[in-house]
Each structure stands twice: as structure tokens, then as C-alpha cells.
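Undergrad: Got a predicted model here, sequence first, then my questions.
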Amino acid sequence: MENIKAVKKNMGTVFTKDGVVKTFTSLLVTLWPEEGFEVGRSVKITGTSKGKGFTGVMKGWGFSGGPATHGQSDRKRAPGSIGQQTPGRVFKGKKMAGRKGNKVVTILGSKILEVNDKGKSIKVLGPIPGHYGSKILIKLN
């Protein structure tokens, strides 16, 4: 079996013998793998990222906003100019306000730190996309 389905459970830290602090994410496995998922193996983890709702250009893209003085009372968080006169349209992919997050994200190169056969759980080094309790897919690299 090459991939398993799991649920994001909680996070924690591990101190190695070298004194390095590593952050891990604990996953509750629903379908237990037969082979291949050992400590130290590299895995790809796919999940849906947290939704951030509708954001403006300052939060979503890091725009600086307009001046807070010289009579600009209503332009502080506005994007400013969005194009020029010649094409007479807005180009596709323009950075504008809109929904942020809630996308399918794949994290590559995560390592398995611990495998617990009794509790059917795996500890993976690093972050996992999504909120706690969200479903994810784990594949071997």
C-alpha cells in the first residue's frame, strides 16, 4: 500500500541528542499501512489549507496602502492603480482582493519520526496543511 488517509491530531516538540528542537505533528491514521511506513522515511502530505476568508490587498498581497495624510481620507487600504489605458482591460492574474487559503496544498520531504502500531498514529516532522481534525493524504516519496 503506497498511501494512507489520516487526521491531523496535535503538535509538539522533540529535543534531539544534539540539542536541536524539532516540531512534529501527530496524525491519527484511519487506514493502517502494511509496509513502507517506517521511522526516517520521507513522505508527501496533501491536505486543504486553512481558509482565511475574504482579504483585501494589504493582508492578501502585502500592499503598502495609500498615504494617511494630504486629504486622503478614504484611500488608506486601497490598491491604487490596477492598470494602464492602452490595453483597456485588467490582465489575468492581477493581485487583487479575494478569498485567501482553502486550497489543496502538498508538503514535500516530511520525515516520519515515530510510528505507533497500538494507537495507530504517526508523528511527522514539520507542518501539516489544514486545521486540527482535517483529513489528509500521506504518500511515500
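TA: On my side now, so go ahead.
Undergrad: Now the phi/psi pair for residue 57, please.
TA: Backbone torsions of residue 57, given as degrees, to the nearest 10, read phi -70, psi -30.
Undergrad: now do residue 62
TA: Torsion angles, degrees, to the nearest 10, at residue 62: phi 80, psi 30.
Undergrad: That one and residue 119: what is the separation?
TA: Using C-beta to C-beta, to the nearest Å, we find residue 62 at a distance of 42 Å from residue 119. To be clear about C-beta, it is placed using only N, CA and C from the backbone, and glycine gets the same treatment.
Undergrad: And residue 85, by the same measure?
TA: Relative to residue 119, residue 85 is positioned 64 Å away (criterion: C-beta to C-beta).
Undergrad: Can you pick out the residue with more neighbours from the two?
TA: Using other C-beta atoms under 10 Å, the more surrounded residue of residue 85 and residue 119 is residue 119, with 9 against 5.
Undergrad: residue contacts, that one?
TA: Residue 119 makes no contacts at all, as judged by C-beta atoms under 8 Å, 6 or more residues apart in numbering.
Undergrad: Then residue 131?
TA: Applying C-beta under 8 Å, 6+ apart to residue 131 gives the contacts 8, 50.
Undergrad: tell me the mean pLDDT over stretch 7-22?
TA: What stretch 7-22 shows for mean pLDDT is 82.
Undergrad: Endpoints of it, how far apart?
TA: One end of stretch 7-22 sits 21 Å from the other (C-alpha to C-alpha, to the nearest Å).
Undergrad: Tell me where this structure has strands.
TA: Along the chain, the stretches classed as strands by DSSP state E are 3-15, 21-29, 42-48, 51-55, 98-101, 104-116, 121-125, 135-140.
Undergrad: list the buried ones in the third one?
TA: So that's strand 42-48. Of all the residues in strand 42-48, those buried under the rule 16 or more other C-beta atoms under 10 Å are 43, 45, 46, 47, 48.
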